[in-house]
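Visitor: Could you work out the structure for the sequence below:
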Amino acid sequence: MTRHVRILSILVGLALSLPSWSEYFKYNELQIKDYDEMLSMVRERIKKSNKILKGSNPDAEVTPDQESVESLRQGLLLVLSRPNQDNMLAKLMPEIRKELNGLNAFEDSIDSLAQEALDGLNNTKLPVVVRSTYWFVLENILSEFKPEIRDKEDLKKTFVKIRDAKIEIPKDVKKDLKLRSMFKVESPSDRAKRILEALLGEKDEKKN
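Guide: Predicted coordinates:
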């Protein structure tokens, strides 16, 4: 098994056990944090990942690689969960991206977070603010990686996944976002469709 396939298998396994792994963030809390505070939170997760990689427990239910990737994945989720009016995302992304690239897990982590966000947005068991935060995750993925989809097939597939989900914003999420922010609230699927058409000339041929 190649390392890439192994990492993908790990992330699929993590997704299947989402309730026990997931760390939920709230965009309204992250929005008021400055760069130093956010960077500190990201580095806490990087430090945890590196510590896991240095040791192993043969009796553990998951391997050190699984735990270290998940810690970094949560750091990535943290970065993507914050509204990006101040363009802080571009400053926070390189460090966590470098660590995930070192484990050949960056694109797979982006894809798994996109799927988590698509599922979470319509999960009525979650608090509305958490579901709204997943909207920001999808919006930030689309904004941050838009320039790369011409050259990176894995990222392009994530955009196609978001487009094909044909996600509609639930009314309570839309209300929350309008009350707390000045953002134009639209379906990430609609935005992904426009991006793919504009940059790659790709049409959505799937019919409802």
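
Visitor: biggest helix in this structure, by residue count?
Guide: Identified as the longest helix of the chain according to DSSP state H is helix 35-54.

Visitor: Mind giving me the packing neighbours of the stretch of helix or strand residue 114 belongs to?
Guide: In the assignment (DSSP states H and E), residue 114 maps to helix 106-121. Judged by 3 or more Cβ pairs under 8 Å, 6 or more residues apart in numbering; DSSP states H and E, helix 106-121 is in contact with helix 3-16, helix 64-80, helix 89-102, helix 128-145, helix 153-164. In short, each C-beta sits where N, CA and C put it, glycine included.

Visitor: as a whole number, average confidence for it?
Guide: Averaging pLDDT along helix 106-121 yields 97.

Visitor: C-terminal to the helix or strand bottoming out on mean pLDDT in the chain, which secondary structure element comes first?
Guide: Least confident helix or strand, the chain: helix 18-21 with a mean of 40, by mean pLDDT, DSSP states H and E. Sequence order places helix 27-30 as the next helix or strand after helix 18-21, per DSSP H and E.

Visitor: export that next one as PDB, just CAs?
Guide: Taking C-alpha atoms only, helix 27-30 is exported to PDB below (Å, rounded to 0.1, in the frame of the first residue of the first chain):
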ATOM      1  CA  TYR A  27     -16.900  31.200  13.700                       C
ATOM      2  CA  ASN A  28     -18.200  34.000  16.000                       C
ATOM      3  CA  GLU A  29     -15.600  33.100  18.600                       C
ATOM      4  CA  LEU A  30     -12.800  32.800  16.200                       C
END
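
Visitor: Buried residues, that helix. List them.
Guide: Buried residues in helix 27-30, counted by 16 or more other Cβ atoms under 10 Å: 27, 30.

Visitor: Burial-wise, tell me which of the helices and strands packed on helix 106-121 comes out on top.
Guide: Counting by mean count of other Cβ atoms under 10 Å, helix 64-80 has the highest mean neighbour count of those, with a mean of 24.

Visitor: Could you list every helix and strand that that helix packs against?
Guide: By 3+ Cβ pairs under 8 Å, 6+ apart, helix 64-80 packs against helix 3-16, helix 35-54, helix 89-102, helix 106-121, helix 128-145.

Visitor: quick one: that helix to helix 35-54, angle?
Guide: Relative orientation of helix 64-80 versus helix 35-54 (axes from the mean of the first three to the mean of the last three Cα atoms, to 10 degrees): 170 degrees.

Visitor: Distance-wise, check the closest residue to residue 48 other than its chain neighbours relative to residue 168.
Guide: Nearest residue to residue 48 in three dimensions, chain neighbours excluded: residue 71, at 4.6 Å (Cβ to Cβ, 6 or more residues apart in numbering). According to Cβ to Cβ, to the nearest Å, residue 71 and residue 168 sit 33 Å apart.

Visitor: Of all the helices and strands packed on helix 106-121, which one is nearest residue 180?
Guide: Residue 180 sits nearest to helix 128-145 of all the helices and strands packed on helix 106-121, at 7.7 Å, using Cβ to Cβ.

Visitor: how about the closest one as PDB, C-alpha atoms only?
Guide: Extracted C-alpha coordinates of helix 128-145, given in PDB (Å, rounded to 0.1, in the frame of the first residue of the first chain):
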ATOM      1  CA  VAL A 128     -26.800  26.400  14.500                       C
ATOM      2  CA  VAL A 129     -23.500  28.400  15.000                       C
ATOM      3  CA  VAL A 130     -21.500  25.200  14.300                       C
ATOM      4  CA  ARG A 131     -23.400  24.600  11.100                       C
ATOM      5  CA  SER A 132     -22.900  28.200  10.100                       C
ATOM      6  CA  THR A 133     -19.200  27.700  10.800                       C
ATOM      7  CA  TYR A 134     -19.200  24.800   8.300                       C
ATOM      8  CA  TRP A 135     -20.500  27.300   5.700                       C
ATOM      9  CA  PHE A 136     -17.300  29.400   6.300                       C
ATOM     10  CA  VAL A 137     -15.200  26.300   6.000                       C
ATOM     11  CA  LEU A 138     -16.600  25.700   2.500                       C
ATOM     12  CA  GLU A 139     -16.400  29.300   1.500                       C
ATOM     13  CA  ASN A 140     -12.800  29.500   2.600                       C
ATOM     14  CA  ILE A 141     -11.800  26.400   0.700                       C
ATOM     15  CA  LEU A 142     -13.300  27.800  -2.400                       C
ATOM     16  CA  SER A 143     -11.600  31.200  -2.000                       C
ATOM     17  CA  GLU A 144      -8.200  29.900  -0.900                       C
ATOM     18  CA  PHE A 145      -7.700  27.100  -3.400                       C
END
